[in-house]
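Colleague: sequence-free structure coming up:
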């Protein structure tokens, strides 16, 4: 296509103490396959000349539908054994955004966040209000049991038996569950730039294991878990949500690009490696700048991540290098 | 007190099309009296050498308890005639924060936001989860009818009769209701700096008239409606919440102070007079920087506001000058 701007997409499936050699080959293969399926789903849309919003939603949906990630089906369980999900999406062209928090019946929360952005005058809807909106918009209502898996039930029981003792994360027999989700780092997200130069970012999560009913982390907070501005960058974050809210992670990275003139990588590293690390806040981000540069930054041992950059190169990684 | 840093406090009670000569003398006097009561309540705490968090909560509580403002008692009514309230608070020393959204039984939502900050591991609790937390913390539960006033009921009926037609705001017979609240600008907030140089910011609201159940604006969003960082400034915003979320107003002002080296007034004016005005988003902010400079900025015709600055000077204003 003549004059088409470069396209690129980057995704994450959560960050945490993911250490090489501690993960079974089977689990690793399953994660790699699903990350590739997700990033390819988004990339195909970009290749077709369609928009970045559609691309990030498609990528996130693949992870929401997979039990491997803490979003949609397979979300972690709250204190009372239910699933409550949050999601947000933002478009960089006009700074449009949509977010939902505390939904319990929507198969793909990211699609509901998109509906809030596109079909409501509001940016954020929570709880039953969000569910009422979803019914008005014709979203199929899923029983909460659809989202709950045996793996998450066992995880909740283990955490509750330990009465919140995070020493559980030392138990490497189940490093995936015990670290990423116990420490609130389980989230999925995607950022893409389409051939019109429009950036979109999306984030979806089941929140943190054993969370109290009603807790909202950074994922549905525009400026914390998600931000996109064509002039600077798009960001999707994953990490200890409370700290990510308090430091406005996603917006702060864009602000450093804009006001300090930093590259996206430098801005992201300042926030993730310096500012967040200084607060002992674990996690990371994926991002794309207005020149279609793909960026990762995380201060945890690993982050499930994949990208297809402007040259078409596919990258899938789990551990730190 | 030796070596004590200067103290100051600034409050707002909403921004909108408040035009001199269109407001009855009786209403104007009532607003001025309540604004003074609020700012003095916070200032006395600062004079006693106590902290800025306590000061902003005290100031906000006065406005929550008054029917004049869209927060606590006298909050605007949702689509279904109920009251749903949101609030947030942040401390600039360690970036601690607390927020609640969609509560219906708490007399002073700002105090519940403070309890989330001080007594929960979370930053944000929503809906019934926030209410359960309030019960655990011993908060008295008020019947939702406590918050509903005849004035708001008439306002809702008027808006619904017009089926959302904002032409109502042209009706100057009730300029206070029809503009500030119909246009989602009704909010209260306070920012203070204590004699240890600690900045705190707080915001509380009943949201927008006739809002759909579950809508959350910028007031409970850390980074949008409220932000505080001792290194830069504290901000409480009031305005069209959806735009304030999409532009991360409170954090953006702090970021411009930090990264661009602007004065707080210049940073606030860039965001409120340029960026927000460019998006046709009405509203404003109050703020205090780390040198105890008090700042107002609004792009609407007026903003209910008051301050006591570092020299002890009291200012109470409603209209633009």
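Modeller: Structure's in. What do you need? Small disclaimer: the values here were computed from a predicted structure and weren't measured.

Colleague: burial count for residue A:120?
Modeller: Neighbourhood size, residue A:120 [other C-beta atoms under 10 Å in any protein chain shown]: 18. In this view, the C-beta of every residue, glycine as well, is placed from N, C-alpha and C.

Colleague: Let me see the contact set for the residue nearest to it when sequence neighbours are not counted.
Modeller: The shortest distance from residue A:120 to any non-neighbouring residue, by C-beta to C-beta, 6 or more residues apart in numbering or on different chains, is to residue A:133 (6.5 Å). Shown in contact with residue A:133 (C-beta atoms under 8 Å, 6 or more residues apart in numbering or on different chains): A:112, A:115, A:116, A:120, A:125, B:212, B:214.

Colleague: residues contacting the second one?
Modeller: Right, residue A:115. With contact set as C-beta under 8 Å, 6+ apart, residue A:115 has these partners: A:98, A:133, A:134, A:137, A:139.

Colleague: Could you do the first one as well?
Modeller: Under the criterion of C-beta under 8 Å, 6+ apart, the neighbours of residue A:112 are A:87, A:100, A:103, A:106, A:130, A:133, A:134, A:137, A:139.

Colleague: and the two most separated of those?
Modeller: Greatest spatial distance in the contacts of residue A:112: A:87 and A:137, 14.4 Å, computed using C-beta to C-beta.

Colleague: Which of those two has more residues huddled nearby?
Modeller: residue A:87 (35 against 14).

Colleague: right, and that one touches residue A:218 too?
Modeller: No. Using C-beta atoms under 8 Å, residue A:87 is not in contact with residue A:218, being 11.7 Å away.

Colleague: Please enumerate the strands of chain A.
Modeller: Ranges of strands in chain A, per DSSP state E, are A:8-16, A:85-91, A:96-103, A:124-126, A:188-193, A:199-205, A:215-216, A:226-228, A:233-239, A:283-289, A:294-298, A:302-308, A:314-319.

Colleague: so which of the ones you listed comes closest to residue B:13?
Modeller: Taking C-beta to C-beta, strand A:124-126 is the member of the strands of chain A nearest to residue B:13, at 23.4 Å.

Colleague: for the closest one, what is the average pLDDT?
Modeller: Averaged across strand A:124-126, pLDDT comes to 96.

Colleague: Also stretch A:37-54?
Modeller: 98.

Colleague: now do stretch A:243-262
Modeller: Mean pLDDT, computed over stretch A:243-262, is 98.

Colleague: hmm, it touching chain B?
Modeller: Yes. With C-beta under 8 Å from any C-beta of the partner chain as the criterion, chain B is reached by stretch A:243-262 at A:245, A:246, A:247, A:248, A:251, A:252, A:255, A:256, A:259, A:260.

Colleague: just the buried members of those?
Modeller: Neighbour counting with 16 or more other C-beta atoms under 10 Å in any protein chain shown marks A:245, A:246, A:247, A:248, A:251, A:252, A:255, A:256, A:259 as buried within these.

Colleague: Contact partners for the last one?
Modeller: Residue A:259 makes contact with B:255, B:256, B:259, B:260 under the criterion C-beta under 8 Å, 6+ apart.

Colleague: Likewise for residue A:269?
Modeller: Residue A:269 sits in contact with residue A:297, where contact means C-beta under 8 Å, 6+ apart.

Colleague: what does the stretch 151-300 of chain A put close to chain B?
Modeller: Contacts of the stretch 151-300 of chain A with chain B, taken as C-beta under 8 Å from any C-beta, map to A:211-217, A:221-224, A:227, A:241-242, A:245-248, A:251-252, A:255-256, A:259-260, A:279.

Colleague: Among these, which ones are in helices?
Modeller: Counting by DSSP state H, those place A:241, A:242, A:245, A:246, A:251, A:252, A:255, A:256, A:259, A:260 in helices.

Colleague: which one of those residues is nearest residue B:57?
Modeller: Distance to residue B:57 across these (C-beta to C-beta) is lowest for residue A:246, with 18.5 Å.

Colleague: With adjacent residues omitted, what lies nearest to that closest one?
Modeller: In space, and not counting its chain neighbours, residue A:246 is closest to residue B:95: 4.5 Å by C-beta to C-beta, 6+ apart.

Colleague: pLDDT value on the one you found, please?
Modeller: As predicted, residue B:95 sits at a pLDDT of 98.

Colleague: from what I can see it touches residue B:229, true?
Modeller: Yes. Assessed by C-beta under 8 Å, residue B:95 is found in contact with residue B:229 at 6.4 Å.

Colleague: Looking only at neighbour counts, state which of the two leads.
Modeller: Comparing residue B:95 with residue B:229 by other C-beta under 10 Å, the one with more neighbours is residue B:229, at 25 against 20.

Colleague: and the closest residue to the more buried one other than its chain neighbours, what is it in contact with?
Modeller: If the residues on either side of it in the chain are set aside, residue B:229 comes closest to residue B:92, at 4.8 Å by C-beta to C-beta, 6+ apart. The contact partners of residue B:92, by C-beta under 8 Å, 6+ apart, come to B:198, B:199, B:200, B:201, B:228, B:229, B:230, B:231, B:234.

Colleague: how near is residue A:91 to residue A:234?
Modeller: Remark: distance between residue A:91 and residue A:234 (C-beta to C-beta, to the nearest Å) = 9 Å.

Colleague: Quickly list what's touching both of those two.
Modeller: A:52, A:199, A:200, A:228.

Colleague: Could you pick out the residues of the stretch 1-150 of chain A near chain B for me?
Modeller: Looking at chain B, the residues of the stretch 1-150 of chain A close enough under C-beta under 8 Å from any C-beta are A:90, A:95-97, A:101-102, A:120-130, A:132-133.

Colleague: please redo it, this time with the cut-off set to 7 Å
Modeller: Applying C-beta under 7 Å from any C-beta of the partner chain, one finds that the stretch 1-150 of chain A approaches chain B through A:95, A:97, A:101-102, A:122-130, A:132-133.

Colleague: on that earlier part again, so can I have TSV of the contacts of residue A:133 showing distance to residue A:25?
Modeller: Listed next are those as TSV, based on distance: C-beta to C-beta, whole Å:
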residue	distance to residue A:25
A:112	36
A:115	40
A:116	41
A:120	45
A:125	42
B:212	49
B:214	45
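
Colleague: Lowest-confidence entry in the residues you listed?
Modeller: residue B:212 (74).

Colleague: State the pLDDT value of the closest residue to that residue other than its chain neighbours.
Modeller: In this structure, residue B:212 finds its nearest non-sequential neighbour in residue B:79, 5.4 Å apart by C-beta to C-beta, 6+ apart. On pLDDT, residue B:79 comes in at 83.

Colleague: Who are the contact partners of residue B:79?
Modeller: Taking C-beta atoms under 7 Å, 6 or more residues apart in numbering or on different chains, we find residue B:79 in contact with B:210, B:211, B:212, B:213.

Colleague: what's the closest non-adjacent residue to the last one?
Modeller: Meaning residue B:213. Once flanking residues are discounted, residue B:213 sits nearest to residue A:129: 4.0 Å by C-beta to C-beta, 6+ apart.
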